[in-house]
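1. Here's a sequence, model it:
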Amino acid sequence: MPKVIIDTSGASEGQFTSYDGPVPPKGLYKALFKRGWWVKSSTGKPMLKVLFILETDLESKRQYNGCPSFHNVTNEASTAWKMKELFTALGTGAKSAVDMDEKGNVTRIGSARPGKTYLLIHSKIEMYQGSPRFAIDTLAPLPNTVVTEDIDAEDMATSYEDSMGMVPEPGTDDSWGDSGFSDDSWSSNDEMGGEPPF
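-> Alright, predicted model coming up:
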């Protein structure tokens, strides 16, 4: 039988570096928005897939740096709250343009750029094939994050039409609720000396 030998010894890690560390416990973590891209969900809906990488300065959590977490958000009315949570956590406002290249890779969400924007992940532990796995429960902006973009409905419709062939209804209800985080939620944390727990 023919055999092909493939040498990858000179290849770079590319977009994703393997993580061999422990599963981070449930908690609050600072994470980098590493990359995003559009795919189809199992039901055929457009879905934004986002990769976050944990990057914390807190000594007690540094062992988890590099841990990846994927976040999937379909582009439909029933999950609009989840898209709003992502946009708000990235500091871009509730309505944000999602720009991408010709391959469907996200180049920016509002003013947030992959590899340059940080946010907070409140995590949970899920079981996957019999093993515990780090998973996103909710997202929030870093404290003191300034919303840098809140585009109007017409710009948003044009952006979605260009990128996904879909146009959201102009003037739809924008009251999707609050993420449940406050900027001063850690300010009285005595055991951390007033330092944020991420």
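2. which residues touch the residue lying closest to Arg62 once chain neighbours are set aside?
-> Excluding the flanking residues, the one nearest Arg62 by Cβ to Cβ, 6 or more residues apart in numbering is Thr56, at 6.3 Å. Bear in mind the C-beta positions are built from the backbone N, C-alpha and C, glycine included. Each residue near Thr56 by Cβ atoms under 8 Å, 6 or more residues apart in numbering is listed here: Tyr29, Lys30, Arg62, Tyr64, Asn65, Phe198.
3. top of the residues you listed by neighbour count?
-> Tyr29 (25 neighbours; other Cβ atoms under 10 Å).
4. That one against Leu119, yeah?
-> No - the pair Tyr29 / Leu119 is not scored as a contact, 9.7 Å apart, by Cβ atoms under 8 Å.
5. pLDDT weak spots in this structure?
-> 1-16, 145-198 (pLDDT under 70).
6. which residues in it form helices?
-> 80-89, 153-164 (DSSP state H).
7. The first one - contacts with which helices or strands?
-> If I follow you right, that is helix 80-89. strand 46-54, strand 68-74, strand 131-140 (3 or more Cβ pairs under 8 Å, 6 or more residues apart in numbering; DSSP states H and E).
8. Which stretch among these is buried most, on average?
-> strand 46-54 (a mean of 20; mean count of other Cβ atoms under 10 Å).
9. any idea of the angle that one forms with helix 80-89?
-> Counting by axes from the mean of the first three to the mean of the last three Cα atoms, to 10 degrees, strand 46-54 lies at 40 degrees to helix 80-89.
10. what does strand 46-54 rub up against?
-> 15-16, 24, 29-41, 61, 64-75, 83, 86, 98, 106, 119, 121, 136, 164, 166.
11. Run me through the strand neighbours of that strand, direction for each.
-> Strand 46-54 has its sheet partners listed here by DSSP bridges as strand 28-40 (antiparallel), strand 68-74 (antiparallel).
12. Could you dump those into CSV and include distance to Gly110?
-> Output for the strands paired with strand 46-54, formatted as CSV (distance: least, Cβ to Cβ, whole Å):
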stretch, distance to Gly110
strand 28-40, 11
strand 68-74, 15
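13. which residues does the closest residue to Ile125 other than its chain neighbours contact?
-> Using Cβ to Cβ, 6+ apart and skipping the chain neighbours, the partner closest in space to Ile125 is Pro132 (5.0 Å). The contact partners of Pro132, by Cβ under 8 Å, 6+ apart, come to Val23, Ile125, Glu126.
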